[in-house]
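Q: Below are the sequence and a predicted model; questions follow.
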Amino acid sequence: MGQLRISDHRSELDVDLIHRFLSRETYWSKGIPRETVERAIAGSLCFGGYLEGEGQVAFARVVTDGATFGYLADVFVLPEYRGRGFSKQLMAAVMAHPQLQGLRRFMLATSDAHGLYARFGFREPARPRTLMEILRPDIYQSAAATA
C-alpha cells in the first residue's frame, strides 16, 4: 500500500479532475456544472489525496461550521487507484483534522460505502425520524435541459 499525501490546501486541488469525476462518474452528482463544483469547494473544508508523480487521485470535502456540525460529501478515489487503502488514508486524515474535532453531529449520505465509514464511527441515525430533507436527485439534469 502506497502512502497518499493528503492536503487541505485548496490551491493544490485539481478542479478540472474533481469536476470531471463528479459530473461523469458518480451516482450523486452526475451532470453537476463546474460552477457548482467551484462554489462547493469554496464553501467547504476540502481534502486532496496526491501521489508523487501522478497528481491528485482522491478527494473529499466537509461542509462545516467548524464547531458543532459537519457533513462529509463528494468522497472519491479514482477507479484506477482503488484497492490500495487510499480511501482509508483519506478518511483518517479527514477525521483527524483539527477543525473537525468535537463536532456534535457529523453526517454523510452513502449508497455503497457503509463499511468504510463504519470504520470511522459513522452509524445509522439514532433517531431517523428527527431528520428531514429536501432531495432533488435530478437537479443537474433538469438544469442542463433548461440551459
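A: Received, thanks.
Q: all strands in the chain, in order from the N-terminus.
A: Ranges of strands within the chain are 5-7, 45-51, 55-64, 69-77, 105-108, based on DSSP state E.
Q: So which of those is nearest residue 17?
A: Among these, strand 55-64 comes nearest to residue 17, with 5.6 Å by C-beta to C-beta. The C-beta positions use only the backbone N, C-alpha and C, and glycine is treated the same way.
Q: Do I have it right that residue 5 meets residue 51?
A: Yes: Residue 5 is in contact with residue 51 according to C-beta atoms under 8 Å; the separation is 7.4 Å.
Q: quick one: average confidence on stretch 46-59?
A: Across stretch 46-59, pLDDT averages out at 97.
Q: Not counting its own residues, what contacts that stretch?
A: Applying C-beta atoms under 8 Å, 6 or more residues apart in numbering, the contact partners of stretch 46-59 are 2, 4-10, 12-14, 17-18, 21, 60-62, 74-78, 81, 86-87, 89-90, 93-94, 97.
Q: What are the buried residues along it?
A: 46-51, 56-59 (16 or more other C-beta atoms under 10 Å).
Q: What ranges does the protein have for its helices?
A: Ranges of helices in the chain, per DSSP state H, are 15-25, 34-42, 86-96, 114-118, 139-146.
Q: Can you say which of the ones you listed is packed in most?
A: Burial of the helices of the chain is given as mean neighbour count (mean count of other C-beta atoms under 10 Å); helix 86-96 ranks first at a mean of 18.
Q: by contact count, what packs against that helix?
A: Counting contacts by 3 or more C-beta pairs under 8 Å, 6 or more residues apart in numbering; DSSP states H and E, helix 86-96 is packed against strand 5-7, strand 45-51, strand 55-64, strand 69-77, helix 114-118.
Q: Only alpha carbons, please: show it as PDB.
A: Output in PDB follows, covering the C-alpha atoms of helix 86-96 (Å, rounded to 0.1, in the frame of the first residue of the first chain):
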ATOM      1  CA  PHE A  86      -6.300   5.300  -0.100                       C
ATOM      2  CA  SER A  87      -9.900   5.800   0.900                       C
ATOM      3  CA  LYS A  88      -8.900   4.700   4.500                       C
ATOM      4  CA  GLN A  89      -6.000   7.100   4.500                       C
ATOM      5  CA  LEU A  90      -8.200   9.900   3.200                       C
ATOM      6  CA  MET A  91     -10.800   9.300   5.800                       C
ATOM      7  CA  ALA A  92      -8.200   9.000   8.600                       C
ATOM      8  CA  ALA A  93      -7.000  12.500   7.600                       C
ATOM      9  CA  VAL A  94     -10.500  13.900   7.500                       C
ATOM     10  CA  MET A  95     -11.400  12.500  10.900                       C
ATOM     11  CA  ALA A  96      -8.100  13.800  12.500                       C
END
